[in-house]
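Q: no letters, just coordinates:
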């Protein structure tokens with residue numbers, strides 16, 4: 001698969017036979033990953049706001065949370081990203097409920113993909129769902145010929161740094177990036193070499 005195949009590849013549904021199951025009251029809830037579609041953008045936007053307001057106070061200011069949610073998760077912006085080549089968005093569902101999401105894009109390096117966003121609702125964390133989204137990103141990156149997966153994580157986001165480390169990511173650099181509005185992202189760049197590449 002080459003980079004021109006990225007648009008078609010992001011339509012793939014990940015629904016493995018060994019997918020974990022979690023009771024939903026009926027015992028029939030199926031956990032699976034599928035591409036985000038335009039009809040999902042309002043739900044993804046609302047989920048992002050819920051997750052960020054629970055997770056980021058104490059890491060970044062309330063003003064920066066508001067700014068970054070508007071900059072990255074406005075439904076119009078999400079809809080535009082869904083149309084871009086080389087960008088993918090996935091949703092993690094239990095039954096029909098979206099409990100997490102991830103997105104990524106091909107970087108300027110020919111062998112590299114960036115895992116740009118990965119979030120799971122706080123009451124569903126520590127159950128392997130983040131790992132499912134990471135594995136999906138790894139598979140997608142390998143299918144596109146990438147040998148590396150990178151990400152950026154706030155230096156004070158210690159739980160996320162530890163979680164990424166558990167999945168084979170290592171801190172490679174520290175960066176401070178101006179994002180406008182008087183705010184910066186003070187991040188570690190973490191990377192992972194992909195098996196089989």
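A: Cool, the structure landed. Keep in mind it's a predicted model, so treat the numbers as computed, not measured.
Q: burial measure for the residue nearest to residue 111 when sequence neighbours are not counted, as a count.
A: Nearest non-adjacent residue to residue 111, counting by Cβ to Cβ, 6 or more residues apart in numbering: residue 147, 4.3 Å away. Yep, even glycine has a C-beta here, placed from its N, CA and C like the rest. If you count neighbours by other Cβ atoms under 10 Å, residue 147 ends up with 16.
Q: likewise for residue 29?
A: 15.
Q: does it really touch residue 95, like I thought?
A: Yes - in this structure, residue 29 is within contact of residue 95 by Cβ atoms under 8 Å, at 4.3 Å.
Q: residue 99 sits in which helix or strand?
A: For residue 99, the host element (DSSP states H and E) is strand 97-106.
Q: and residue 48, how far is that from residue 86?
A: 21 Å (Cβ to Cβ, to the nearest Å).
Q: the two - which one has more neighbours?
A: A direct count of neighbours by other Cβ under 10 Å for residue 48 and residue 86 places residue 48 higher, at 19 against 15.
Q: so how far is residue 92 from the more buried one?
A: 13 Å.
Q: overlap in contacts of these two?
A: Counting by Cβ atoms under 8 Å, 6 or more residues apart in numbering, the common neighbours of residue 48 and residue 92 are residue 101.
Q: okay, residue 64 and residue 99: tell me how far apart.
A: 25 Å.
Q: among these two, which residue is more densely surrounded?
A: Legend: neighbour count by other Cβ under 10 Å for residue 64 and residue 99, higher for residue 99 (21 against 18).
Q: the more buried one and residue 124 touch, don't they?
A: Yes - contact criterion Cβ under 8 Å: residue 99 and residue 124 qualify, at 4.7 Å.
Q: tell me where this structure has strands.
A: 31-35, 87-94, 97-106, 112-120, 148-154, 170-180, 183-193 (DSSP state E).
Q: relative to strand 87-94, how tilted is the shortest one?
A: Angle between the axes of strand 31-35 and strand 87-94 is 160 degrees (criterion: axes from the mean of the first three to the mean of the last three Cα atoms, to 10 degrees).
Q: return the distance of strand 31-35 from the chain's centre.
A: Mean-position distance between strand 31-35 and its chain equals 13 Å (Cα atoms, centre = their mean, to the nearest Å).
Q: what pairs with residue 113 across the strands?
A: residue 106, residue 149 (DSSP bridges).
Q: burial of it, as a residue count?
A: Residue 113 is flanked by 27 other residues according to other Cβ under 10 Å.
Q: what does the pLDDT read for it?
A: We note a pLDDT of 96 for residue 113 in this prediction.
Q: which residues does it contact?
A: 104, 105, 106, 107, 137, 140, 141, 144, 146, 148, 149, 150.
Q: ok, back up a step: switch the strands of the chain over to TSV; also include distance to residue 74.
A: Below are the strands of the chain laid out as TSV (distance: least, Cβ to Cβ, whole Å):
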stretch	distance to residue 74
strand 31-35	20
strand 87-94	14
strand 97-106	14
strand 112-120	14
strand 148-154	20
strand 170-180	15
strand 183-193	16
